[in-house]
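>>> Quick one: sequence and predicted model below, then my questions.
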Amino acid sequence: MKKYAKYPALAVTLAIMAVIFVLSSQPAELSTKVSRAVTETVQASRIKAITPLWFSTTNLNANVRKWAHIYIYCALGVSMAVTVQLWLHRVTLRQKALLASALCMLYAAGDELHQYFVPGRAAQLSDVAIDAMGFLPCVAAVYLVLWAVRRLRN
């Protein structure tokens, strides 16, 4: 079954990467418009309760933008970890976790570099750190579950 699961896993990972690329390609004006619409939706709903004001105590829009980084990179972390797990053999779980994390980090850094060339956007190292807050715990969780399953089987 793993043989057939690796292609959909790769497709999901590439799709998430494509979504990130498209969102990063938006000029600043459009990006701001989209994030303000999302912020208004968050403010009018109960989602606000699960979106702590970690990044700014006064600017909900800034928080929504940073949490969006975390959520999308969490999804990338999970899909990348699953993809690496399915595609690589004869490699330890630790090595797979490190590779999945490194690939996510490279993509986050490349995404910020890409934003440097988009009108009105800027590359920010702090955004790479926020992206890491999304993918690192998720990659770790996938491999901790795999490790626990292996321990229970033995």
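Perfect, thanks for sending it. Just so it is clear, the structure is predicted and the values come from calculations on it, not from any experiment.

>>> For Lys6, which residues are in contact?
83, 86-87 (CB atoms under 8 Å, 6 or more residues apart in numbering). To be clear about C-beta, it is placed using only N, CA and C from the backbone, and glycine gets the same treatment.

>>> Would you mind writing the ChimeraX command to select the buried ones in those residues?
The following ChimeraX line selects those of those that are buried, judged by 16 or more other CB atoms under 10 Å:
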select :83,86
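
>>> Going by distance to Ala109, which of the contacts of Lys6 wins?
Ala109 lies nearest to Thr83 out of the contacts of Lys6, by CB to CB, at 19.0 Å.

>>> And the closest one, how far from Lys33?
33 Å (CB to CB, to the nearest Å).

>>> Likewise for Ala5?
Following CB to CB, the distance that separates Ala5 from Lys33 is 38 Å.

>>> Tell me where this structure has helices.
2-24, 28-43, 60-87, 93-116, 125-153 (DSSP state H).

>>> Pipe these into TSV and attach mean pLDDT per row.
Formatted as TSV, the helices of the chain follow (pLDDT from 0 to 100):
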stretch	mean pLDDT
helix 2-24	94
helix 28-43	81
helix 60-87	92
helix 93-116	97
helix 125-153	96
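
>>> Single out the most deeply packed of the ones you listed.
Burial of those is given as mean neighbour count (mean count of other CB atoms under 10 Å); helix 60-87 ranks first at a mean of 21.

>>> can you state the direction angle for that helix and helix 93-116?
Helix 60-87 runs at 140 degrees relative to helix 93-116, counting by axes from the mean of the first three to the mean of the last three CA atoms, to 10 degrees.

>>> what sits against the closest residue to His114 other than its chain neighbours?
Distances taken as CB to CB, 6 or more residues apart in numbering put Ser24 closest to His114, at 5.6 Å, once the chain neighbours are dropped. Ser24 makes contact with 111, 114-115, 118, 121 under the criterion CB under 8 Å, 6+ apart.

>>> need these in JSON lines with distance to Asn61, can you?
Formatted as JSON lines, the contacts of Ser24 follow (distance: CB to CB, whole Å):
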{"residue": "Asp111", "distance to Asn61": "20"}
{"residue": "His114", "distance to Asn61": "22"}
{"residue": "Gln115", "distance to Asn61": "18"}
{"residue": "Val118", "distance to Asn61": "19"}
{"residue": "Arg121", "distance to Asn61": "16"}
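
>>> Appreciated, that's everything.
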